[in-house]
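# okay, predicted coordinates and the sequence, questions at the end:
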Amino acid sequence: MKIGFIGLGNMGNPMCRNLLKNGHTLKVYDVVPELVRKLKDQGCEVATSAADCARGVEIVVTMLPSSPHVRAVYMNSLGVLESVPAGTPLIDCSTIDPLTSREVAFEAKAKGCPMLDAPVSGGVGGAEAGTLTFMVGGEAADFERMKPVLQHMGKNIVHCGGSGNGQVAKICNNMMLAIEMIATSEGMTLAARLGMDPKIFASIVNTSSGRCWSSDTYNPYPGVLEGVPASRGYSGGFGSDLMLKDLTLVTEAAKAAKQPVMMGALAQQIYQKHSMDGNGPKDFSSVILQYMKP
C-alpha cells in the first residue's frame, strides 16, 4: 500500500521503517525537517504539509505528541481532513485523551473516512523491533480492514471497542502501572532503610502477594535486576515526563467522567514533583529517587 505517515519522532521513525521493510511505500511529513530527511534518504516521498500527506495515499497514519497536535493535524486548514478523499482509512497512534479522539473520529466520519485510535505500548524498543501492542478503538469492520497495516508495526493488535476506547485502555493501564511503580518504590526503599537486603526482599515480594510487573520485571531499586533502567542510571525506557503526560490525561478524563481516581491523582502529583526536580527525561522507574534522598 501507499501510506501517508505524519509524525516521525522517536516512535514514528522506526514504525515507518518497519512499514518499508514490509513492502509499503510511504509519503511522510513532520514539522522537523531533520526527521523528514532521515526517511527521505530511505526512499520515502516527502509531503509539504499534513494536507499534502493525505493526498494520493491509500491510508493515513499519525503518531503525534499530544491532543492539540492531533486536533491541529486533522482539523486545521492545512490538515488531513481538508484534503483526504472520502473513504480513505485513518489511524491515529498518538496517546491523547479519549474525548479528543472521539471528536476527531466524528469529524472524520462526517468526511466519509473510517478512523481508528490505536495508541501503542512497548516503547521505542518495541517500535524498532516491530513488537508493539496496539490498543484499538473504532468500528469492528474498520478494525479488520486496517489490522494488516498495524500488524506490520506491532505484534499484539487488540480491538477495545468503539472510538476512543483504545485511548481509554492506554491511559487506564498506565495509571495502574504508575501506581504500582510508586508502591514498589516505597516498599523497596522502606525495606532497605529498615535493614533488609533489597535483592532478598525483592525475591520475597516476587513470590508473595506484593508481586507485580514493577517488582519482578522492572524493579526500580538499583542492583536488584540487570538490564533494566535502574541498572544504568535510569537512562532509556519510558520517560517520567511521558508517564506524567499519561497521568494528566487520566485525571482530566476522570474529571470529565465525574469518576474518582484518588490514587491516580496522587500518582500524577508525585510524577509532577519528580519532573520538577529535573528527572523528566529519566525512565519512569526513577520515581524511586523521591524516596532515596538522604
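Perfect, I can see it now. Numbering: from 1, shown residues only.
# which residues of the stretch 1-150 of the chain score low on pLDDT?
For the stretch 1-150 of the chain, not a single residue meets the criterion pLDDT under 70.
# quick check: end-to-end length of stretch 254-268?
Terminal residues of stretch 254-268 are spaced 13 Å apart (C-alpha to C-alpha, to the nearest Å).
# buried residues in it, which are they?
By neighbour count with 16 or more other C-beta atoms under 10 Å, stretch 254-268 contains the buried residues 254, 261, 264-265, 267-268. In short, each C-beta sits where N, CA and C put it, glycine included.
# could you do stretch 188-207 as well?
In stretch 188-207, the ones that count as buried by 16+ other C-beta under 10 Å are 188-189, 191, 198, 201-202, 205.
# pLDDT added to the buried residues of stretch 254-268, as TSV?
Listed next are the buried residues of stretch 254-268 as TSV, based on pLDDT from 0 to 100:
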residue	pLDDT
A254	97
V261	98
G264	98
A265	98
A267	98
Q268	98
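# could you identify the most distant pair in those residues?
Across those, no pair lies farther apart than A254 and A267, at 12.0 Å, counting by C-beta to C-beta.
# domain map for this structure?
Following automatic domain parsing, one finds the domains of the chain at 2-162, 168-290.
# tell me the gap between the longest one and the middle of its chain.
In terms of C-alpha atoms, centre = their mean, to the nearest Å, the centre of domain 2-162 is found 13 Å from the chain centre.
# also the shortest one?
Here the centre of mass of C-alpha atoms in domain 168-290, compared against the chain's by C-alpha atoms, centre = their mean, lies 16 Å away.
# distance from the centroid: which residue in this structure tops it?
In terms of distance from the mean C-alpha position of the chain, G195 ranks first, at 37.9 Å (C-alpha atoms, centre = their mean).
# tell me how far that residue lies from S203.
The gap separating G195 from S203 is 16 Å, by C-beta to C-beta, to the nearest Å.
# would you mind finding the most buried of the domains of the chain?
Neighbour counts (mean count of other C-beta atoms under 10 Å) averaged over each of those peak at domain 2-162, with a mean of 20.
# contacts only, for F238.
By C-beta atoms under 8 Å, 6 or more residues apart in numbering, the residues touching F238 are 123, 283-284.
# ok, of the residues you listed, which one's closest to L19?
L19 lies nearest to G123 out of the contacts of F238, by C-beta to C-beta, at 18.2 Å.
# next one: that closest one from G236, what distance?
Using C-beta to C-beta, G123 is found at 9 Å from G236.
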